[in-house]
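*Asks:* test case, fold it:
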Amino acid sequence: MGNAGFVFSEKPIRIERGEGPYLYDDNGTEYLDFGASYACTPTGHCHPDVIDAVVEQAKQLLYVQGSYPVDARDALYDRLAAIAPGDLENVWLCNSGTEANEAALKFARAATGDSKIVATKQAFHGRTMGALATTWKGKYKAPYEPLIDGVDHVDYGDADQLAEAVDDDTAAIILEPVQGEGGVHPATAEYLQAARDVADDTGAALVMDEIQTGLGRTGSLWACEQADVVPDALTTAKGIASGLPMGATLVADWLAEEHGDHGSTFSGGPTVSAAAEATLDVIVEENLPQNAAEVGGYLREEIEAAIDSGAIDARGVRGQGLMIGIEVKRGSNRLLKQLALNHGILALPAGRSVLRLLPPLTIEESHADEVVAAIADVTGGS
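*Replies:* Predicted coordinates for the structure are as follows:
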């Protein structure tokens, strides 16, 4: 194949099809998908309602650019506005999470007239040049520097540091309610409320990056709702269209009114908009946030009990809903390979020492039991 796929290091499993929480390779081997391709399939693989919506829309109109109104896009605008936290009724559609964050940061700079951005250490907000500047790890940034300037990073969870860093020249504070790439670290409600207060005091926009935490994953439709915090901008992507490329930035009126000049050729294409509306319908109508809370709580309790008993050899478990991190004592990538090849379970890393579990929100307790037993086996617990 030459260098055709040089951007990605390919795994030794060729995926052929998916159904529900399962993926199947070209040999017919079944894998329980506890990574959901980084939370991109919240309704499971190939949910029939999503497939039907895509097929019906594709028969009528695959694509037309965003300045032409189409029913599928208008319906998605209305759906997102209806389920957004607080009064975030203005919707910008794009193609990915990093684009959603780029838009939020641009809107904040345009509306405030300021340029400084405050982000957190261990944060991951994307790989385009603006979002990359707010991302923490140097390995993602070093080959592309210099990036945009005016970005300060503070310790995640430290409200005093945050208050000291944010000033009258700050355009935006950007936070993940639960850090994903940074090791699955949930913020306290008090920390997110403190961020809301300091944004109000300085006139900065509070941007909540819910690209991985949103759409029910943490046990509520939006993670910020658990802290009773409404940001000025909320970004979402990943599973919003069941894996088809889409992101969205939801913003308050004051950001929408002075957002500057921003655009995207593929903003809200009709086919992906139909997929997104169907995905949101399934999440709400099947009450997947509640399932994430219940099964996620059960899974964390079982993992914690297995750690306490010595069955799982790990330092601890943390997370919210079905966004779970297990701090292991051996390299996470080695354990992930063993889970896949020996137990038919696909999961993810979050750094070198954390197993990250982001399964479809449709999983059941029986799936959780299977994963706990497999993790016990590969970690070498007693």
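*Asks:* when you work out contacts or count neighbours from here on, use the C-alpha atoms and nothing else.
*Replies:* Will do.
*Asks:* OK, contacts around the nearest residue to residue 181 once chain neighbours are set aside?
*Replies:* With sequence-adjacent residues excluded and distances taken as Cα to Cα, 6 or more residues apart in numbering, residue 181 is closest to residue 350, at 5.0 Å. Taking Cα atoms under 8 Å, 6 or more residues apart in numbering, we find residue 350 in contact with 180, 181, 182, 183, 184, 325, 356.
*Asks:* cool, and residue 244?
*Replies:* Contacts of residue 244 by Cα under 8 Å, 6+ apart are 272, 275.
*Asks:* same question for the one 5 residues further on.
*Replies:* The neighbours of residue 249, taking Cα under 8 Å, 6+ apart as the test, are 91, 92, 93, 100, 101, 103, 104, 233, 234, 235, 236.
*Asks:* kindly report the same for residue 198.
*Replies:* 163, 166.
*Asks:* what about it, distance to residue 156?
*Replies:* To residue 156, residue 198 is 15 Å away according to Cα to Cα, to the nearest Å.
*Asks:* got it, and residue 113?
*Replies:* 26 Å.
*Asks:* what do you get for residue 106?
*Replies:* For residue 106, the distance to residue 156 - Cα to Cα - is 23 Å.
*Asks:* and residue 293, by the same measure?
*Replies:* The spacing between residue 293 and residue 156, counted by Cα to Cα, is 24 Å.
*Asks:* please identify which of the contacts of residue 350 is nearest to residue 37.
*Replies:* Proximity of those to residue 37 (Cα to Cα) peaks at residue 356, which lies at 11.4 Å.
*Asks:* using the three-state scheme, assign the closest one.
*Replies:* strand (DSSP: H, G, I helix; E, B strand; the rest coil).
*Asks:* go on, residue 230?
*Replies:* Three-state call for residue 230 (three-state DSSP): coil.
*Asks:* my guess is it meets residue 223, correct?
*Replies:* No. Assessed by Cα atoms under 8 Å, residue 230 is found out of contact with residue 223, at 10.3 Å.
*Asks:* look at the two and report which has more neighbours.
*Replies:* residue 223 (28 against 22; other Cα atoms under 10 Å).
*Asks:* that's a strand at residue 17, yeah?
*Replies:* Yes. Under three-state DSSP, residue 17 falls within a strand.
*Asks:* can you tell me how far the residue nearest to it when sequence neighbours are not counted is from residue 356?
*Replies:* Distance criterion Cα to Cα, 6+ apart; nearest residue to residue 17, sequence neighbours excluded, is residue 24 at 5.4 Å. Going from residue 24 to residue 356 by Cα to Cα gives 21 Å.
*Asks:* the two: which is more packed in?
*Replies:* Per other Cα under 10 Å, whichever of residue 24 and residue 356 has more neighbours is residue 356, with 29 against 19.
*Asks:* how close does that one get to residue 281?
*Replies:* Applying Cα to Cα to residue 356 and residue 281 gives a distance of 27 Å.
*Asks:* and if you look at residue 72?
*Replies:* Taking Cα to Cα, one finds residue 72 at 13 Å from residue 281.
*Asks:* ditto for residue 195
*Replies:* Counting by Cα to Cα - residue 195 and residue 281 are separated by 31 Å.
*Asks:* same check, this time on residue 309
*Replies:* 41 Å.
*Asks:* more neighbours: which of the two?
*Replies:* residue 281 (15 against 12).
*Asks:* circling back to that earlier point, next, the residue nearest to residue 17: phi, psi?
*Replies:* phi -130, psi 130 (degrees, to the nearest 10).
*Asks:* in which helix or strand does residue 174 reside?
*Replies:* For residue 174, the element it lies in under DSSP states H and E is strand 170-175.
*Asks:* same check on residue 360?
*Replies:* Residue-wise, residue 360 maps onto no helix or strand under DSSP H and E.
*Asks:* number of residues surrounding it?
*Replies:* Neighbours of residue 360 under the rule other Cα under 10 Å: 28.
*Asks:* ramachandran coordinates for it?
*Replies:* Residue torsions, per degrees, to the nearest 10, at residue 360 are phi -50, psi 150.
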